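> 3D model of this:
(chains A, B and C)
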Amino acid sequence: MPIITLSSDFGTADGYAAAMKGVILSICRQARLVDLSHDLPARDVLAAALMLERCAPLFPPGCVHLAVVDPGVGTSRLPIAFCTPDASFVGPDNGLFSLVWRRACAGRPEGAVFAVELADARFRREPVSPTFHGRDVFAPAAAHLACGLSPDDLGPRLAEIALLDLPEPERLADGAVCGQIIAVDHFGNCISNIEIEQAHPHELRVETGGRALVLRQTYAEVGPGEPLALIGSCGRLELTVRDGSYAEQYGVRVGDGLRVTADRADRPSSHGRSG
Amino acid sequence: MPIITLSSDFGTADGYAAAMKGVILSICRQARLVDLSHDLPARDVLAAALMLERCAPLFPPGCVHLAVVDPGVGTSRLPIAFCTPDASFVGPDNGLFSLVWRRACAGRPEGAVFAVELADARFRREPVSPTFHGRDVFAPAAAHLACGLSPDDLGPRLAEIALLDLPEPERLADGAVCGQIIAVDHFGNCISNIEIEQAHPHELRVETGGRALVLRQTYAEVGPGEPLALIGSCGRLELTVRDGSYAEQYGVRVGDGLRVTADRADRPSSHGRSG
Amino acid sequence: MPIITLSSDFGTADGYAAAMKGVILSICRQARLVDLSHDLPARDVLAAALMLERCAPLFPPGCVHLAVVDPGVGTSRLPIAFCTPDASFVGPDNGLFSLVWRRACAGRPEGAVFAVELADARFRREPVSPTFHGRDVFAPAAAHLACGLSPDDLGPRLAEIALLDLPEPERLADGAVCGQIIAVDHFGNCISNIEIEQAHPHELRVETGGRALVLRQTYAEVGPGEPLALIGSCGRLELTVRDGSYAEQYGVRVGDGLRVTADRADRPSSHGRSG
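Numbers count the residues shown, from 1 in each chain, chains lettered A, B, ... in the order given. Coordinates of the predicted model:
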């Protein structure tokens, strides 16, 4: 039984996400539907791209990932599907797939990952509503792929897909790295664009908004309500508060800057000094 | 494997929706559960009726749709199931099924669509809580139907079901149509009771709240933040703002009026004049 | 096909709950995932324990219940699984399972219900993130259990699990019972720690916040907007308002007290006197 995951910014109250489920099951009744999220922030393509990056690679081979955050529905942005050796993705070509696309392409020969335009009317729900491609274009395409249709039957191959210009961290002459907050999660954790493979706790010092934080390994290293920096579960440097919301406590937003340096002064640091 | 969809205003935090799932799977373990929404506005029967209309008809034949928005739980309103040649519906007889019922009956011979009272205690979870028929009456009935029980085993047939008096649009002597907003969706789109089969863009002019909007085909025809009128994905005239919330921007609520006329003056309209 | 239920305070917007689903399906592709809730109040272990108590016992035998509300992730609290003759539970050992554990143990011989520490690295996703055991420890354990792994393969048995000190109601010399509000649900119903097997309506009088309410059987016994006391669907005394939110209307919070006495004065009560 094929697995189709669903992600959108539709919420669930209005039945838009439910409409996609109905269309999918009408085409591919045996499909197993797995909701990733329908609470993505409205029209926030970057947040959706980060969410997909966080979870899509964890799914087993052969899944179809349907994702719709589509502020440009009805404009010239293309409806697409793209296929990797592991999975298929279906949705609008607006940058939503930037992160999973880059990750899928990395280290693979050209052509191993390819995209097609959803152009063939046979695999759409006609007439296509100009405001709801999720129901009329993307859900049918995902269902047909799950049922075994070849992606090339959906439409012509595309030479490239739209990729977001993600802010890249910058390495300064003195060795410091400057980055920015790219997401604030449900708990108020502020996730930066600085990826850290591995670091021993207390080796790094993070300056942001007039505060200096030392990199910790777990929440338990500070007291309740105290701020800390962590390597988050996706390998990105995060600012967080034990049992609290960093974003709320310090008024942080996406786009705010931070600066990471080797923590020479503080080592060995005491817990009380990081706040 | 039978499909049961679930809709409610229970939210998910308290486990009420989850309780229905447990009851269903205990009776019909092979049922496939598909959440439509548990975030319907609390006690808002009309919003739930519109949600069901938007998505239930898209599901494949044979589904059981369990829907519970039930402010009158424990009163004299009946618990019912109704069956069409395509699907079954289970829930309170309070108008929730008005739109799917009317749609199912349209063009069908009498008796093709019929309702029963959920009267037989064998297919309830006893003792029935007077405040949670979702768990004790509706979920068991849906599960038994999904497992193949004949609807007539659930209880006696009903001559009619409760139908909401939906506000109907009014056609004036001068050809104008007056309607009202019947729903505001997750994006702040304001959905009216005026159904439009098809119209060429710019043919219609919509007056509402002192503003005049021209009917457009896609968001792309206006600039970001500008208002427009569209035929929504369910065929109803909608007021919307590109990349924004019409309801918030203009303080619109369910019940507000609008008036649609032929757009003689404006044709051919320029984009800048509609706002 | 094994059933795994999922509960968390992750929300869905960030993909944390979705990540758990991906990990589960990668280990046990045939698992059927059933969302109980991902909207549990952040870090609220008691609310989660109550939610699990409300719905987990309703599921059919053999389910695996994965639940993650884990403010102490990365601290010394253990990751555990526990097994009853009916079901398995997987999550942090922080009191989350207090209510289902006590209920499962009641009336059963010692050893019929037992817990293990999730200690074996073979059944984790390595390297384990110190901040996301849901993905790296709990989801894999749940998936392996669903696929038939013996719980004893996950790690050593534990002599006990962490149990919350739930506030117990107190019986006074005059026969009155004093309790407190332990939960406020989605509708603003205020749920107390006083369990009532059965009582005839109007037999009990509830005093709280300067108001006196008579125990009713259904909402219909009072007018819209009026307060009442009910035996809720889980057998606990609740304070509620017909078509409204008791919590909002009277500013009630978890921890507020109430006092229940036999309703000698009021019997037979008239509807208008309870408010």
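> Write out the residues of chain A neighbouring chain C.
A:3, A:5, A:7, A:32, A:34-41, A:47, A:50-52, A:54-60, A:63, A:183, A:185-187, A:217-220, A:230, A:232-233, A:243 (CB under 8 Å from any CB of the partner chain). Where C-beta positions appear, they are placed from N, C-alpha and C, glycine not excepted.
> roughly how far out does stretch A:72-86 sit from the chain middle?
Centroid separation for stretch A:72-86 versus its chain: 16 Å, with CA atoms, centre = their mean, to the nearest Å.
> So what touches it?
By CB atoms under 8 Å, 6 or more residues apart in numbering or on different chains, the surrounding residues in contact with stretch A:72-86 are A:57, A:61-62, A:70, A:88-94, A:97, A:101, A:104, A:108, A:112-118, A:130-133, A:137-138, A:141-142, A:145, A:151, A:154, A:158, A:161-162, B:217-220.
> Could you identify the buried members of those residues?
Neighbour counting by 16 or more other CB atoms under 10 Å in any protein chain shown classes A:57, A:70, A:88-94, A:97, A:101, A:104, A:113-116, A:118, A:130-133, A:137-138, A:141-142, A:145, A:151, A:154, A:158, A:161-162, B:217-220 among those as buried.
> Out of those, list just those in helices.
Judged by DSSP state H, these include A:101, A:104, A:133, A:141-142, A:145 as members of helices.
> Let me know the closest of those to chain B.
residue A:133 (9.6 Å; CB to the nearest CB).
> is it true that the closest one touches residue A:93?
No: between residue A:133 and residue A:93 there is no contact under CB atoms under 8 Å: 11.1 Å.
> Low-confidence stretches in the stretch 51-200 of chain A?
Applying pLDDT under 70 to the stretch 51-200 of chain A flags residues A:198-200.
> and the residue of the stretch 1-150 of chain A nearest chain C?
For the stretch 1-150 of chain A, CB to the nearest CB, closest residue to chain C: residue A:58, 3.1 Å.
> In three-state terms, label the closest residue to that residue other than its chain neighbours for me.
Spatial nearest neighbour of residue A:58, excluding adjacent residues (CB to CB, 6 or more residues apart in numbering or on different chains): residue C:22 at 3.1 Å. Secondary structure state of residue C:22, per DSSP: H, G, I helix; E, B strand; the rest coil, is helix.
> Just give me the neighbour total for residue C:22.
Per other CB atoms under 10 Å in any protein chain shown, the neighbour tally for residue C:22 reads 24.
> any idea of the pLDDT on it?
Residue C:22 carries a pLDDT value of 98.
> Identify the residues contacting it.
If you count contacts by CB under 8 Å, 6+ apart, then residue C:22 has A:55-60 around it.
> who in chain A is up against chain B?
Neighbours of chain B within chain A, by CB under 8 Å from any CB: A:10-19, A:21-23, A:25-26, A:29, A:32-33, A:35, A:42-43, A:71-76, A:129-132, A:135-136.
> which stretch of helix or strand covers the most centrally placed residue in chain A?
Among the residues of chain A, the one closest to the centroid is residue A:50, at 1.8 Å (CA atoms, centre = their mean). Assigned by DSSP states H and E, residue A:50 belongs to helix A:45-55.
> Mind listing residues that contact that helix?
Contacts for helix A:45-55 (CB under 8 Å, 6+ apart): A:7, A:9, A:36-37, A:40-41, A:65, A:67, A:69, A:71, A:89, A:94-100, A:103, A:164, A:166, A:182-183, A:191, A:233-234, A:254, C:13-16, C:18-19, C:21-22.
> Buried subset of those, written for ChimeraX?
In ChimeraX, this line selects whichever of the contacts of helix A:45-55 come out buried by 16+ other CB under 10 Å:
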select /A:7,9,36,37,40,41,65,67,69,71,89,94,95,96,97,98,99,100,182,183,191,233,234,254 /C:13,14,15,16,18,19,21,22
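> who does the strand ranked longest in chain A pair up with?
Looking across chain A with DSSP state E, the single longest strand is strand A:177-184. Strand pairing for strand A:177-184, using DSSP bridges, gives strand A:170-171 (antiparallel), strand A:190-195 (antiparallel), strand A:257-262 (antiparallel).
> any idea which of these is most buried?
strand A:190-195 (a mean of 22; mean count of other CB atoms under 10 Å in any protein chain shown).
> mind checking how far that one is from the chain centre?
13 Å.
> Show me the contact partners of that strand.
Under CB under 8 Å, 6+ apart, the answer for strand A:190-195 is A:50, A:166-169, A:177, A:179-185, A:232, A:234-240, A:246-247, A:252, A:256, A:258, A:260.
> please redo it, this time with the cut-off set to 7 Å
By CB atoms under 7 Å, 6 or more residues apart in numbering or on different chains, the residues outside strand A:190-195 that reach it are A:166-169, A:177, A:179-185, A:232, A:235-239, A:246-247, A:252, A:258, A:260.
> who are the neighbours of the helix or strand that that strand is followed by, in terms of helices and strands?
Per DSSP H and E, the first helix or strand lying C-terminal to strand A:190-195 is strand A:204-208. Using 3 or more CB pairs under 7 Å, 6 or more residues apart in numbering or on different chains; DSSP states H and E, the elements in contact with strand A:204-208 are strand A:211-214, strand A:257-262.
> what angle do the last one and strand A:204-208 make?
This means strand A:257-262. 160 degrees (axes from the mean of the first three to the mean of the last three CA atoms, to 10 degrees).
> Pick out the residue of the stretch 151-275 of chain A closest to chain B.
residue A:186 (13.3 Å).
> if I pick that residue, what's in contact with it?
C:10-11, C:13-14.
> Would you format the residues you listed as CSV with pLDDT, distance to residue C:83 and secondary structure included?
Putting the contacts of residue A:186 into CSV (pLDDT from 0 to 100; distance: CB to CB, whole Å; DSSP: H, G, I helix; E, B strand; the rest coil) gives the following:
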residue, pLDDT, distance to residue C:83, secondary structure
C:10, 97, 25, coil
C:11, 97, 29, coil
C:13, 96, 33, coil
C:14, 96, 31, coil
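> ok, now how distant is residue A:13 from residue B:20?
From residue A:13 across to residue B:20, the span is 18 Å (CB to CB, to the nearest Å).
> Let me fix that, I meant to ask about residue A:254.
Residue A:254 is 38 Å from residue B:20, by CB to CB.
> Please list all residues in contact with residue A:196.
Here residue A:196 is in contact with A:231, A:235, A:237 (criterion: CB under 7 Å, 6+ apart).
> whoops, I mixed them up, residue A:15
B:36-37, B:51, B:54-55.
> Skipping adjacent residues, who's closest to the closest residue to chain C within the stretch 151-275 of chain A in space?
Using CB to the nearest CB, residue A:218 is the residue of the stretch 151-275 of chain A that sits closest to chain C, at 3.1 Å. Excluding the flanking residues, the one nearest residue A:218 by CB to CB, 6+ apart is residue C:74, at 3.1 Å.
> Now the one you found: which helix or strand?
Applying DSSP H and E, one finds residue C:74 in no helix or strand.
> Equivalent analysis for residue A:65, please.
Using DSSP H and E, residue A:65 falls in strand A:63-68.
> which residues sit against that strand?
So strand A:63-68 is in contact with A:2-8, A:48, A:52, A:56, A:87-92, A:96, A:134, A:138-139, A:142, A:145-146, going by CB under 7 Å, 6+ apart.
> and the angle for that strand with helix A:45-55?
Using the same axes, to 10 degrees: strand A:63-68 against helix A:45-55 is 160 degrees.
> In the sheet, which strands lie alongside strand A:63-68, parallel or antiparallel?
strand A:3-8 (parallel), strand A:87-92 (parallel).
> OK, contacts around residue A:44?
Applying CB under 7 Å, 6+ apart, the residues near residue A:44 are A:9, A:69.
> thought residue A:56 was touching residue A:100?
Yes: under the criterion of CB atoms under 7 Å, residue A:56 is in contact with residue A:100, at a separation of 5.3 Å.
> closest point of the stretch 51-200 of chain A to chain B, which residue?
For the stretch 51-200 of chain A, CB to the nearest CB, closest residue to chain B: residue A:74, 3.1 Å.
> Counting neighbours, what do you get for that residue?
19.
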